[in-house]
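>>> turn this into a structure:
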Amino acid sequence: MQIEPIAIYFEIPATDPMGREHVEGKLRGLDDEVVLHWKIRDRTFNREPNPMHEIHLEYHEVEDVEFHKKFWGKRFIDFKVGDPKKLEGMPGIHIGKATLHVTKKSKDDAERLAKFLDYKISEHRVAKSQEALSELFDDDTEI
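Below is the predicted model:
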């Protein structure tokens, strides 16, 4: 079944005192993978624009996705991966966990994307469990 991709725009506020590591990006939930596009925010006095980075993750590599909505309309998604090396080099990441602050233009799609990603992760886990059970009961041994 082909599902229409869902995407949100996000920011990860700078963790350094000068604000040089402010991340802007886009998180897309596709039918068979999650794609994370990110770059460090362009600065006024920097002559060269910062390059766009792209991370492709299969659903079994994503550990957890949680949507949070705070007072004053702030929304963010906690995005966790099993292998922290997948997000290596991205500022604001803490051992495979990113807190993605959803921008205003994506606020309506943020909860929908989190639910979609959670569904796809669960779907993958169920498929793995069924494979393990079928391997267990396909043996010709009697119980």
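
>>> could you pull out the strands for the chain?
With DSSP state E as the criterion, the chain has strands at 6-12, 23-29, 34-40, 53-57, 62-69, 75-81, 97-102.

>>> could you export those strands to CSV, including columns for mean pLDDT and distance to Ala114?
C-beta coordinates here come from the backbone N, C-alpha and C atoms, glycine included. Converted to CSV, the strands of the chain look like this (pLDDT from 0 to 100; distance: least, C-beta to C-beta, whole Å):
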stretch, mean pLDDT, distance to Ala114
strand 6-12, 91, 9
strand 23-29, 93, 9
strand 34-40, 92, 12
strand 53-57, 93, 15
strand 62-69, 91, 4
strand 75-81, 92, 6
strand 97-102, 92, 10
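
>>> of these, which is nearest His124?
His124 lies closest to strand 62-69 among those, at 8.8 Å (C-beta to C-beta).

>>> helices and strands around the closest one, which ones?
strand 75-81, helix 110-137 (3 or more C-beta pairs under 8 Å, 6 or more residues apart in numbering; DSSP states H and E).

>>> residues near the residue nearest to Asp42 when sequence neighbours are not counted, how many?
Distances taken as C-beta to C-beta, 6 or more residues apart in numbering place Pro49 nearest to Asp42, at 5.3 Å, with adjacent residues excluded. Neighbours of Pro49 under the rule other C-beta atoms under 10 Å: 10.

>>> pretty sure Pro49 contacts Ile40?
No - Pro49 is beyond contact range of Ile40, at 9.8 Å (criterion: C-beta atoms under 8 Å).

>>> related to what we said a few turns ago, okay, the strands of the chain in a markdown table with mean neighbour count and distance to Glu131 next?
Formatted as a markdown table, the strands of the chain follow (neighbours: other C-beta atoms under 10 Å; distance: least, C-beta to C-beta, whole Å):
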| stretch | mean neighbour count | distance to Glu131 |
| --- | --- | --- |
| strand 6-12 | 20 | 27 |
| strand 23-29 | 21 | 23 |
| strand 34-40 | 19 | 21 |
| strand 53-57 | 14 | 21 |
| strand 62-69 | 16 | 19 |
| strand 75-81 | 20 | 22 |
| strand 97-102 | 20 | 28 |
